[in-house]
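1. Structure here, sequence nowhere to be found:
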C-alpha cells in the first residue's frame, strides 16, 4: 500500500511537487446520479426538465463546467491546471438524472478532482432547482470511472 501524497513525513498538509513530472495528455471521466421519487421524476420528465428557473439540465451543465474551472480554489491541495476540454452530459435514467463529466488537459498532474467536482456541482444544482418538489431527492454514486495519462491508467 502506498502513502498519502498530500501529507508530509510529519503528517502536515502538503501540496505535491509535480515539477519533475512529464507533461502528458490526461483525461478523467467521473459519473454520478441524482435519484428522484418516481412521481417527482415523472413530473420533471413531463415538463422536459424545465422549471421556473429555466432548463434544469442546461443550468446544471453550466454550473458543473464553472466548478471544474474553480476546482483548485475549492479543493485546497489541487494544482491550478490549464484545461483543454470539459464536457458534461446529463441524461435521464430510471427515476434519476445520470451525470458524466469528462475533463482533458496536457499537464504534469491529472484531472480526476476536476471531473469529480464537475459531477458534484452539477448534481447539487439539480437538487437546488428541484427541491421545491421534494426533499426526498438523493445524490449518489459519484465516482471516478476512468483516467488516462500519468503513471497509471484506471478504469472501473
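-> Cool, got the structure. The structure presented is a predicted model; accordingly, all values stated were derived computationally and were not measured.

2. Distance from stretch 8-19 to the middle of the chain?
-> Averaged C-alpha coordinates place stretch 8-19 at 24 Å from its chain's average position (CA atoms, centre = their mean, to the nearest Å).

3. Residue 107 contacts residue 80, correct?
-> No: using CB atoms under 8 Å, residue 107 is not in contact with residue 80; the gap is 9.8 Å. Every C-beta, even on glycine, is put in place using the N, C-alpha and C of the backbone.

4. Between the two, which is the more surrounded one?
-> Between residue 107 and residue 80, counted using other CB atoms under 10 Å, the more crowded position is residue 107 (22 against 9).

5. quick one: contacts for that one?
-> Residue 107 is in contact with 23-24, 26, 79, 81-82, counting by CB atoms under 8 Å, 6 or more residues apart in numbering.

6. I'd like to know which of those are buried.
-> Buried members of the contacts of residue 107, scored by 16 or more other CB atoms under 10 Å, are 26, 81.

7. Quick check: the farthest pair among the contacts of residue 107?
-> Greatest spatial distance among those (CB to CB): 24 and 79, at 14.3 Å.

8. Please look at residue 149 and residue 21 and confirm they touch.
-> No: the criterion here is CB under 8 Å, and residue 149 misses it with residue 21 at 10.5 Å.

9. Give me the more crowded residue out of these two.
-> Each of residue 149 and residue 21 has its neighbours counted (other CB under 10 Å); residue 149 has more, 20 against 13.

10. Neighbouring strands - and their directions - for the one helix or strand in the chain whose mean pLDDT sits lowest?
-> Lowest by mean pLDDT, DSSP states H and E among the helices and strands of the chain is strand 50-51, with a mean of 84. Its sheet considered, strand 50-51 pairs with strand 54-55 (antiparallel) by DSSP bridges.
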